[in-house]
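**Q** What would the 3D arrangement of this be:
(chains A and B)
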Amino acid sequence: MGVKREVLALVLMVCLMFSSVLMSCGNSGGNQDQATTQEAGQSDSQLAESQNGNSEKTKLRVAWWGNSERDQLMYAINDLFMKEHPDVEIVTESPGWDDYWVNQATAFASGSAADVVQFQSNQFGEYASKGVLTPLESYIESGIIDLDNWNMDLVNTGIYNDNLYFLTCGVTAQSLFVNETLLKETGIKLWDFEEDITWSEFEAYLNELQSKLPADTYAGFDFYSNNDLIWVWIRQHSTDGYEWVDSEGKFAPSLETLSSWFDISQRLRQSSAFPNVEWTTEWNTKAWQEGALVSRKVVFFFENANKYKIYQNNVEDNIELRKVPISDEDKAGDLIISSAWGIPETSKNKELAAEYINFFNNNVEAQKIYNMEIGVPGSLTIQEILAKTADPSDIIAMDYMNMIAETAPAFIAKAPGVWAIQDSIRSAAEMVAFGNMTPAEAAEHIIQTANDVIAENAK
Amino acid sequence: MNSKLNKYAGYVFLIPWFLGFFVLTLIPMLMSLYYSFTNFNLLSEPQFTGLSNYIQMFTSDYHFINALKVTFKYVFISVPLQLMVSLILAFILNKGIPGLTLLRAAFYIPSLLGGSVAISILWRQIFGLQGILNKILVAIGFVDLAQISWISNPNTAVWTLIILRVWQFGSPMIIFLAAIKQIPASVIEASAIDGASRFKQITKVMIPLMSPILLFNFVMQIISAFKVFTESYIISGGNGGLMDSLLFFTLHIYNEGFGNMRMGYASALSWVFVLIVGIFTFLAFKLSNKHVHYY
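**A** Numbering: from 1, shown residues only, chains lettered A, B, ... in the order given. So this is what the prediction gives:
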């Protein structure tokens, strides 16, 4: 009897053990634990029900960096796609910006990336250089992706080493937001929308404005931590085509270019046209709705143009959009920031993924839903259609993008190692801001770090 | 049959835990040891680079030194403070005062919440430029002192996290309280008969008797403090704060591995970190030979 009981206990235990192992295996599959399954016409409340009874459908995993508003737009677009493709079930993954990149890095590393993945132009080189993405040319040649009447300058932002890996779903660029209502109160006039001013003129303008502002209100929001704007400056002071690496494969920005960038914000802090660094850090951590521009703490604020609509439509003050200042040698350096779709090499549904990308970008209803959420679309046809019903602030943003595209140097994808280099730029900028480094020392530090990173990635 | 089954049954029951240990701990650790000698970037095959990651760490990574400084400062200030506070409160709560159970629970709650995102955000609301602390300082007349953001200023930022850690005294306090309860009443009575004051009873009788528990709490809190991550990640916005003032070692590892996609380098950092924590744990045990008394 005793032996029987022990045997029974052993059998039960082994069963229990394997069932627990199997249960944990059932949760595997990349980011599935964070994914949401979506079926055609579903509301959020219905999403949970969609997990059952869809074994015959092809699952297409789509990943983007999300927020609650953008997610709703994407769900609606996915519904449209699934109506046209009843045999497809879309599984979505949409963490916030920071988590998104951690998820993508680990998903690509484990070969479990989604079928359609959203990228931002800063990451193009990092991923495309590693051979983890599918070139899109064959889908364009076969007609699955239709680029008829597209702005090819915007399409070309997705090229890396002669292959198109990314198809833009919206472009934006750094711009200058101005609280025009607050500016008017000082009696100082704002220059025209199409007018260019140089950095020197801008500096003088801010200093004059500061003298007319009340205490604890500043002419501009410090841009020492703005990693997009520094690249505009670098492009304004580089030989076209060599703003990232030079002809010898070394980090291209010169010591003078980098140190002069840090000089500008340092001078503006010293003249009090910019607040001190702690103040900037404090306000930087706030959501835009509570940010310095909205709270009337600053008059000028550098921000991506696609955010113009949300600022303008959510504040009582009139917010104006202006171009980023040009170099004193009159050279523009605007950097197109593109959000784009790519297809991982590991995807088992590449053709369907290409169909999704085409649908997202060319379907009028889908684009009406998305309504330039992440920037101006690449299709000129879509741009024209959206312009008819667009919010006035979106028209301004669209005009802005078209205006700067005429003078912006060609887009060049940043090479692998971009994150580490951006990090070194940020750290050096902080050191300068706190007086622990001179602008020249900061520039030297960045160049040394960048060259180490570039060399490491070239191995 | 019976004895054979008895012999192996224990091992069979241990299999799930062995599986967990090998698959989720040992193999990943060995993999990370291998990666630490490579340039693994998550997206391409790792290539062996010898000791280059370790050399870089000590020669050209200024974040490494900053992260060490911040972590050491945090650990070696916050842990003794936290243990002191928890010990004092344990002695106070050991006395029969009204609402004792409620007080014990209330003091324990911060330990449950301490590492959470919500508390990290709350800390920003307290120690920010327009936070509660500065409002209080202005109200009591320290206007000049209220002009800084305690959480953003590189000189004060880490102190806000030290306060956060000290505030989480509940867990060691409960353990101290249990240790105090274990001290035989006869020993305390004997010391009283010998004329020891309450202070002498605590310092000369009770604390020496509690020394194994003190060592346990010290080692556990040291290890736990070295591992702190969430607070600095949330409060610094993930980048380690101004001038690396909140760049704890764990955050540096995370940023290198997942932010900069340098998993090989992050693995090397992790192994150096394991070594550092190991050395301090070893030192704590070494010290215990002299100062910890087992009865």
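**Q** Give me the phi and psi angles of residue B:178.
**A** In this entry, residue B:178 is assigned phi and psi values of phi -60, psi -40 (degrees, to the nearest 10).
**Q** If we go by neighbour counts, what in stretch A:372-391 is buried?
**A** By 16 or more other Cβ atoms under 10 Å in any protein chain shown, the buried positions in stretch A:372-391 come out as A:372-379, A:382-383, A:386, A:390. All C-beta spots, glycine's among them, are computed from the backbone N, C-alpha and C.
**Q** Out of those residues, which one has the weakest pLDDT?
**A** Per-residue confidence over the buried residues of stretch A:372-391 reaches its minimum at residue A:390, where pLDDT is 88.
**Q** mind listing what that residue touches?
**A** Going by Cβ atoms under 8 Å, 6 or more residues apart in numbering or on different chains, residue A:390 touches A:371-372, A:398.
**Q** thinking again about what came up before, which two in the buried residues of stretch A:372-391 are spaced the farthest apart?
**A** For these, the farthest-apart pair by Cβ to Cβ is A:378 and A:390; their separation is 16.1 Å.
**Q** Looking at the buried residues of stretch A:372-391, spot the one nearest residue A:344.
**A** Using Cβ to Cβ, residue A:374 is the member of the buried residues of stretch A:372-391 that sits closest to residue A:344, with 20.2 Å.
**Q** Report the spatially closest residue to that closest one, excluding sequence-adjacent ones.
**A** If you skip the residues right next to it in sequence, residue A:374 has residue A:170 as its closest partner in space, 3.8 Å away by Cβ to Cβ, 6 or more residues apart in numbering or on different chains.
**Q** Now the closest residue to residue A:409 other than its chain neighbours, what are its backbone angles?
**A** Nearest-residue entry for residue A:409: residue A:240, 4.9 Å, with adjacent residues in sequence omitted and distances by Cβ to Cβ, 6+ apart. When quoted as degrees, to the nearest 10, the phi and psi of residue A:240 stand at phi -50, psi 130.
**Q** If residue A:175 is in a bridge, with which residues?
**A** Applying DSSP bridges to residue A:175 yields these beta-bridge partners: residue A:303.
**Q** What's the local residue count around it?
**A** When neighbours are defined as other Cβ atoms under 10 Å in any protein chain shown, residue A:175 has 24 of them.
**Q** Quick one: residues contacting it.
**A** A:302-305, A:308, A:321-324, A:400.
**Q** let's see it at 7 Å
**A** Residues near residue A:175 by Cβ atoms under 7 Å, 6 or more residues apart in numbering or on different chains: A:303, A:305, A:321-324, A:400.
**Q** Could I get the buried residue list for the strand or helix carrying residue B:281?
**A** Of the helices and strands defined by DSSP states H and E, residue B:281 is found in helix B:263-291. Across helix B:263-291, burial judged by 16+ other Cβ under 10 Å covers B:263-273, B:276-277, B:280-281, B:288.
**Q** If we only consider the residues you listed, which is nearest to chain A?
**A** residue B:263 (7.8 Å; Cβ to the nearest Cβ).
**Q** quick one on the thing from earlier: what about the residue nearest to residue A:374, which helix or strand?
**A** Using DSSP H and E, the secondary-structure element containing residue A:170 is strand A:167-172.
**Q** Residues in contact with that strand: which ones?
**A** The set of residues that contact strand A:167-172 without belonging to it, under Cβ under 7 Å, 6+ apart, is A:136, A:145, A:154-155, A:157-158, A:304-306, A:336-341, A:357, A:360-361, A:372-378, A:401.
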